[in-house]
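# Got a predicted structure here, sequence first:
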Amino acid sequence: MPETRMACLSVPLFPLAAWLRSEPELREDAAAVFEGRGQTARLVGATRAARRHGVAAGMTLAQATTRLPGLVALGRDAERERAASDALHEVAGSFSPRLEQRGEGVLLVDLAGLDLLVRNRRLHGHQEDESSDHVLGRAIEDAGSAVGLPIRVGIAGSALAARVASDLPKSPTIVPPGADAVFLTPLPLQRLRSVASGIEESAIEGILAALLRWGITTIGDFARLREADVTERLGQSARKLHAMARGRDPEPFVADTEPLRVREGMIFEWTVTLVEPLLFAVRGALERILARLALCGVACREFTIDLNLDPEGQDVRTITLPAPTREVTALVAVLRLDLERRPPRAPVTGFAMTAYPGVVRTAAQSLFGPSTVSPDRLAGTLARVATLVGPENIGSPETVDGNLPERESIGPFTPPPTPILHHPVRKGRGFLAVRVLRPAVPLDVTVSEDSSRPVHLTSSRPEVPDPRTPSIEGRVRVASGPWACEEGWWKESAAARDYWDVEVEGGVLYRIFRDRETQAWFADGVYD
Amino acid sequence: MGTPAASLLSPGLRFASELRPTAGETEERVVSSFPSLDALLDGGFQRGGIAEVSGRRSCGRFALVLSALAAATQSGELASLIDLGGGLDPQQARTVGIELSRLLWVRPKRAKAAFASAELILGAGIPVVVLECGVTPAATKNISPSAWMRLAHAAQTSRGCLIVSAPFHLVGSVARTAIALDRVAPLWQGRAGYSLRLSGRTARVTVTKHRNHASGGWTGLRFLCSETIGPFPGNPPETALGATGNA
């Protein structure tokens, strides 16, 4: 089995390096970057000229400017740091696709399979006597310099040793294969700080102070102690630190995977003003996108279409599907509905689409159980039905906490796997169901003078009649109530109602209520 | 010498394909969970076609289709409710016994979208689809007969069961099974003016159309309020109105 080789790329004083990358003239000045606001902001990095005057990390702004009145004080700049971090990723990515971020300005790179690259570099004038790792380390430093980042490189057999090596002032630091323990042994204990992730800073301070009191000053001395003795005297945090001293990496290398995004698009030679020609072009792009997604074994979960408008401007739409699908027809139908609902404000001169992947559920057909629906087909159907009824009107019903009977919620339809055999069906118990009237039908109610009991119902006649609103009318034969229902008394939209179950002439049963605040009557259900 | 296998087959049977059941002859049924009604329908609603349930308000039509959905989802099948009136109460559906995760709830605003959704969902292979037309006849009165033909074809092709629940007869001759519900009497408990409460209602269901049977068979059904029956064993207790009380 080939030995693994890891490189650690670290940018010392990363917030300051991000500033100096974009404003290199500050490099010779006495400048420092502070985190926080006001005089209590803490110094996180200072240039060599500032450090020469005694300005050090951890000082407050007041302390630093007292020590060096001409100090150029800078605040942390998230945008510059994001750009510097992107540049660091691009440098590392130009050598290997397998990267893992280990904190601010620190990247681990898997160097497996880079022999060919080293051979090519040798052909281009690098010294023959340098080891492959040296050649790589220098190449990474050169690439960093090209983008304005002072990268220190450590290369070793484990991520932990590479991380420690990248913290050393000499760069690149190469630990020969199989010599990680020899490399770590003479180093001072303080070098463990950078790799001690998952342990609180105060705990590390206490442990290192105790070890120093005992005369243990190097990582090798610490590693030679028995684990049980360390744990017994200094606790679990010390046990973790002791494992690191013995070269055990607390976090195995896990390469960051770039989220898959598939882009397609085109610029038209003429402007498009109708939906059909636009969808004709989009369909081709969607087919290509789905073919590319299928290569990765995934489907489309969401896509964004960015329409270029004539003469200028953009119209960006994001369409989320009820379930990942590979059906082009379904995607085109969803997009058509969106375009018809909200047409672009100007002719279209081109488009760019970005599709985001989702995993299609898999299902196995059972020989003896209920029939299974193909997940891919179901996803396509959901998308097409969503275009007919709106995505908010399709899904799985969900129960909602509360007291109001009309409460409801609809969630994504992700059914559980089909059982291998038919489940036994419980015998029906003949529940009387209530058909909820959404929205509740306003009523004109006549009540008895003695007990406020409803005696006659008529649905109110709105100015614009809706044929879907049921008509309710009749003398009340039996009324049961009132049943109090309150919800959200602590909110502005509090509900306080008196419910009645009423039977009108003919035997129809309604659930009606009187709003206590407005004294208005409504029917919100039919017993059916 | 054993008996030739061909001689065991029905006379006149020559090809294996003739053994395949023709549309509608499958033994699998969608049960309604009401034993007396299922007995009238030879085990339940037939698959591969349309079953129509009609009845005016408060006749137990909605309770009957919810009960069929509960039976389908409990057996592990997927089911869909195309709810034209949007009258489903998820809390109540769970009380009735529907496994909500296996139920696809579609709330179209118009009949055209409801019919198109039903066709698509049947085509996707969901075996039990309920098209609930609500309480107002206005929504569905202008439906063309060819729409029912299309839905019947979709159900037959996918071997699914489409249950159409409507306030009056809509489907016409395309329906394989048609039943009509009539309300009989509400059940009240307690004394008028003091602690009176609704406990349920009774209904009469008549089979108006059923394959191989003369129409006209009927049975009585009784629907009871969940407070009267109590929750299913194992289900958390629920009340229809949440925190209620007799003021």
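Sure thing, it's come through.
# which SS state does residue B:183 fall under?
Following DSSP: H, G, I helix; E, B strand; the rest coil, residue B:183 is assigned to strand.
# residues contacting it?
A:507-508, B:55-56, B:58-60, B:201-203 (CB atoms under 8 Å, 6 or more residues apart in numbering or on different chains). (Glycine included, C-beta is placed from N, CA and C.)
# partner residues bridging it?
residue B:203 (DSSP bridges).
# Same check on residue A:106?
Assigned bridge partners for residue A:106, using DSSP bridges, are residue A:10.
# Which one of the contacts of residue B:183 is nearest to residue B:162?
Within the contacts of residue B:183, proximity to residue B:162 (CB to CB) peaks at residue B:55, which comes in at 17.5 Å.
# could you measure the closest residue to chain B within chain A against residue B:186, distance?
Closest contact between chain A and chain B, by CB to the nearest CB, is at residue A:428 (2.7 Å). Separation of residue A:428 from residue B:186 (CB to CB, to the nearest Å): 20 Å.
# Break down chain B into its strands, ranges please.
B:29-30, B:45-46, B:49-55, B:79-83, B:103-106, B:128-132, B:161-166, B:177-191, B:194-209, B:218-224 (DSSP state E).
# May I see the ones you listed arranged in TSV, with distance to residue A:111 and mean pLDDT as well?
As requested, the strands of chain B are arranged in TSV below (distance: least, CB to CB, whole Å; pLDDT from 0 to 100):
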stretch	distance to residue A:111	mean pLDDT
strand B:29-30	63	87
strand B:45-46	66	90
strand B:49-55	67	94
strand B:79-83	55	95
strand B:103-106	51	96
strand B:128-132	58	95
strand B:161-166	62	94
strand B:177-191	71	88
strand B:194-209	76	86
strand B:218-224	73	86
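# ok, residue 30 - contacts?
This is for chain A. Contacts of residue A:30 (CB under 8 Å, 6+ apart): A:46-47, A:49-50, A:52-53, A:55, A:68, A:70-72.
# Please refer instead to chain B.
Here residue B:30 is in contact with B:44-47, B:51, B:68, B:71-72, B:127-128, B:161, B:163 (criterion: CB under 8 Å, 6+ apart).
# do the same with residue A:52
residue A:30.
# Likewise for residue A:153?
With CB under 8 Å, 6+ apart, residue A:153 has these contacts: A:7-9, A:137, A:140-141, A:166, A:171-173.
# Report all helices and strands that the helix or strand that contains residue A:281 contacts.
In this structure, residue A:281 sits in helix A:275-295 according to DSSP states H and E. In terms of contacts (3 or more CB pairs under 8 Å, 6 or more residues apart in numbering or on different chains; DSSP states H and E), helix A:275-295 is packed against strand A:262-272, strand A:299-309, helix A:328-341, strand A:348-358.
# so how far is the last one off the chain centroid?
Read it as strand A:348-358. Strand A:348-358 sits 21 Å away from the centroid of its parent chain (CA atoms, centre = their mean, to the nearest Å).
# And for the second one?
Centroid separation for strand A:299-309 versus its chain: 19 Å, with CA atoms, centre = their mean.
# Could you count how many residues lie near residue 85?
Just going to use chain A. 18 (other CB atoms under 10 Å in any protein chain shown).
# was after chain B, sorry
20.
# check contacts around residue A:504.
A:457, A:472-477, A:510.
# Can you tell me which of the residues you listed end up in strands?
Using DSSP E, those in strands are A:457, A:473-477, A:510.
# quick one, phi psi at the residue of chain B at minimum distance from chain A?
Closest contact between chain B and chain A, by CB to the nearest CB, is at residue B:33 (2.7 Å). With angles defined as degrees, to the nearest 10, residue B:33 sits at phi 70, psi 0.
# Equivalent analysis for residue A:380, please.
Torsion angles, degrees, to the nearest 10, at residue A:380: phi -60, psi -40.
# all strands of the stretch 401-528 of chain A, in order?
With DSSP state E, counting those that start in this stretch, the ranges of strands along the stretch 401-528 of chain A come out as A:409-411, A:434-447, A:454-459, A:473-487, A:495-504, A:509-515, A:521-527.
# So for the residue nearest in space to the middle of chain B, what's the pLDDT?
In chain B, the centroid-proximal residue (CA atoms, centre = their mean) is residue B:65; its distance is 3.8 Å. Predicted confidence (pLDDT) for residue B:65: 94.
# Likewise for residue A:442?
We note a pLDDT of 92 for residue A:442 in this prediction.
# can you map out the helices along chain B?
Per DSSP state H, chain B carries helices over the ranges B:5-8, B:35-40, B:61-74, B:90-96, B:111-124, B:145-158, B:226-229.
# Deepest in the core, which of the ones you listed is it.
helix B:61-74 (a mean of 27; mean count of other CB atoms under 10 Å in any protein chain shown).
# Just the buried residues of the contacts of residue A:30.
Buried subset of those (neighbour count, 16 or more other CB atoms under 10 Å in any protein chain shown): A:46-47, A:49-50, A:55, A:68, A:71-72.
# Next, the contact list for residue A:14, please.
Contacts of residue A:14 (CB under 8 Å, 6+ apart): A:45, A:81, A:84, A:104-105.
# continuing past the one helix or strand in chain A whose mean pLDDT sits lowest, what's the next helix or strand?
Every helix and strand of chain A was ranked by mean pLDDT, DSSP states H and E. The lowest is helix A:115-123, at a mean of 65. Under the assignment DSSP H and E, the closest C-terminal helix or strand after helix A:115-123 is helix A:132-146.
# Tell me how far that following helix lies from the chain's centre.
33 Å.
# again with stretch A:487-502
39 Å.
# quick one: contacts of that stretch?
Identification of contacts with stretch A:487-502 by CB under 8 Å, 6+ apart yields A:402-404, A:453-454, A:457, A:476, A:478-486, A:509-517, A:527, B:197-198, B:241-242, B:244, B:247.
# switch the cut-off to 6 Å
A:402-404, A:454, A:476, A:479-483, A:485-486, A:510-516, B:198 (CB atoms under 6 Å, 6 or more residues apart in numbering or on different chains).
# could I have that stretch exported to PDB, CA atoms only?
Only the C-alpha atoms of stretch A:487-502 are listed here, as PDB (Å, rounded to 0.1, in the frame of the first residue of the first chain):
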ATOM      1  CA  GLU A 487     -56.200  30.300  21.000                       C
ATOM      2  CA  GLY A 488     -53.400  32.800  21.100                       C
ATOM      3  CA  TRP A 489     -54.800  35.100  23.800                       C
ATOM      4  CA  TRP A 490     -51.300  36.500  24.100                       C
ATOM      5  CA  LYS A 491     -51.200  37.500  20.400                       C
ATOM      6  CA  GLU A 492     -52.800  40.300  18.400                       C
ATOM      7  CA  SER A 493     -54.500  37.700  16.200                       C
ATOM      8  CA  ALA A 494     -56.100  35.900  19.100                       C
ATOM      9  CA  ALA A 495     -59.200  33.700  18.500                       C
ATOM     10  CA  ALA A 496     -62.000  33.400  20.900                       C
ATOM     11  CA  ARG A 497     -65.100  31.500  19.600                       C
ATOM     12  CA  ASP A 498     -68.200  29.900  20.800                       C
ATOM     13  CA  TYR A 499     -68.900  26.800  18.800                       C
ATOM     14  CA  TRP A 500     -72.300  25.100  18.200                       C
ATOM     15  CA  ASP A 501     -73.200  21.900  16.500                       C
ATOM     16  CA  VAL A 502     -76.500  22.500  14.700                       C
END
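# which regions of chain A sit below the pLDDT cut-off?
Across chain A, the ranges flagged by pLDDT under 70 are A:1-3, A:119-129, A:258.
# quick revisit: scan the contacts of residue A:153 and report the most crowded one.
Busiest of the contacts of residue A:153 [other CB under 10 Å] is residue A:9, holding 30 neighbours.
# ok, for that residue, nearest residue in space, not its chain neighbours?
residue A:107 (4.6 Å; CB to CB, 6 or more residues apart in numbering or on different chains).
# How about residue A:391?
residue A:322 (6.2 Å).
# three-state assignment of the one you found?
Residue A:322 falls in the strand class when you classify it by three-state DSSP.
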